[in-house]
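Colleague: What shape does this take:
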Amino acid sequence: MKNQKKYMLNLFRHIGLIAIIITLAISSVIVYAQHEHSKSKEGDKKEKKTESIVREGIIDLKKIDKNKDGKVFQDFMHWNVISDEAGKCPLCKMTLEEVTIKVAKENLKKNGFKVK
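Modeller: Here you go, the predicted model:
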């Protein structure tokens, strides 16, 4: 009877140790996964920090015209959405229209925006 009690006591101790080891292993995996996930979010944030095509303040069209061809792409619903590349307005999803810098400047002034 005494041997059986010792056996059961040792068995429960071993089961307890195994449970602790499994818990630590699972915790380590969770912490690692959270760390990797946060790293990928930081990478996404870095990628999203590109220059916005929604212009504010005094708009410098010559600076926007990076390829120096005298043309930019402008949204005719949101006049201050201007890019040097074809694309869509991030506000209304309309396709940006190609215009000369002169036309873009006139559009901005007519609609109350300040232009350099």
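
Colleague: What separation do you get for Lys39 and Tyr32?
Modeller: Lys39 sits 11 Å away from Tyr32, going by C-beta to C-beta, to the nearest Å. All C-beta spots, glycine's among them, are computed from the backbone N, C-alpha and C.

Colleague: name the helices or strands packed onto the lengthiest helix in the chain?
Modeller: Looking across the chain with DSSP state H, the single longest helix is helix 2-48. With contacts defined as 3 or more C-beta pairs under 8 Å, 6 or more residues apart in numbering; DSSP states H and E, helix 2-48 has no helix or strand neighbours.

Colleague: Pull the distance from that helix to the chain's centre.
Modeller: 31 Å (C-alpha atoms, centre = their mean, to the nearest Å).

Colleague: by contact count, what packs against the next helix or strand after it?
Modeller: Downstream of helix 2-48, the first helix or strand assigned by DSSP states H and E is helix 61-64. Packed against helix 61-64, as judged by 3+ C-beta pairs under 8 Å, 6+ apart, are the following elements: strand 82-83, helix 101-110.

Colleague: tell me which residues in helix 61-64 are buried?
Modeller: Leu61, Ile64 (16 or more other C-beta atoms under 10 Å).

Colleague: CA atoms of that helix as PDB?
Modeller: Only the C-alpha atoms of helix 61-64 are listed here, as PDB (Å, rounded to 0.1, in the frame of the first residue of the first chain):
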ATOM      1  CA  LEU A  61       3.000  71.900 -58.700                       C
ATOM      2  CA  LYS A  62       6.600  72.000 -60.000                       C
ATOM      3  CA  LYS A  63       7.700  70.000 -57.000                       C
ATOM      4  CA  ILE A  64       4.900  67.400 -57.700                       C
END
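
Colleague: after that helix comes which helix or strand?
Modeller: strand 71-74.

Colleague: nearest spatial neighbour of Asp84, skipping sequence neighbours?
Modeller: Lys66 (4.6 Å; C-beta to C-beta, 6 or more residues apart in numbering).
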